[in-house]
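Q: have a look at this prediction, sequence included:
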Amino acid sequence: NLETEIDRTLAPLMGDRNQLKRLLLNLITNAIKYNQTEGWVRISLNRKDDDALLMVSDNGKGIPAESIPNLFNRFYRVPDREGLVSGTGLGLAIAKRIAT
């Protein structure tokens, strides 16, 4: 299940179209890959003060608190998920670099 909530009054996003697409795909792919069977993924784009706030959430297992500080490090994978889902541990590092 994919749910969206988009504030249609937001001005168009400015930036490199391909990089923004890559950012979204990395976040959405992670939410889908690490979700539970029959889980949901929610994408929301809303206004926060003078900025746009993009959130991708899901009802998967969640991330252990001790892994959160490392999530955006290159090649980091949550230890209890390694081997269960294919990946390189680069997706969130790339997403962060694009977003900042």
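A: Done, it's in.

Q: quick one, what contacts Ala52?
A: For Ala52, the contact set (C-beta atoms under 8 Å, 6 or more residues apart in numbering) comprises 10, 13, 45-46. All C-beta atoms are positioned from the backbone trio N, CA, C, and that covers glycine.

Q: after the helix or strand that contains it comes which helix or strand?
A: Element membership for Ala52 (DSSP states H and E) is strand 51-58. Following strand 51-58 in sequence order, the next helix or strand is helix 91-99 (DSSP H and E).

Q: tell me the backbone dihedrals of the spatially most central residue of the chain, please.
A: The centroid of the chain falls nearest to Leu27 when counting by C-alpha atoms, centre = their mean (2.5 Å). Per-residue torsions, Leu27: phi -70, psi -40 (degrees, to the nearest 10).

Q: can you name the residues that contact it?
A: 54, 56, 95.

Q: show me what the second one is bridged to.
A: It stands for Val56. Counting by DSSP bridges, Val56 is bridged to Ile43.

Q: what's the burial count for it?
A: A count of neighbours around Val56, defined by other C-beta atoms under 10 Å, yields 19.

Q: that one reaches Arg42, doesn't it?
A: Yes - taking contacts as C-beta atoms under 8 Å, Val56 lies within contact range of Arg42: 7.4 Å.

Q: now Pro79, nearest residue through space, not along the chain?
A: Counting by C-beta to C-beta, 6 or more residues apart in numbering, Ser67 is the residue found nearest to Pro79 once chain neighbours are left out, at 7.4 Å.
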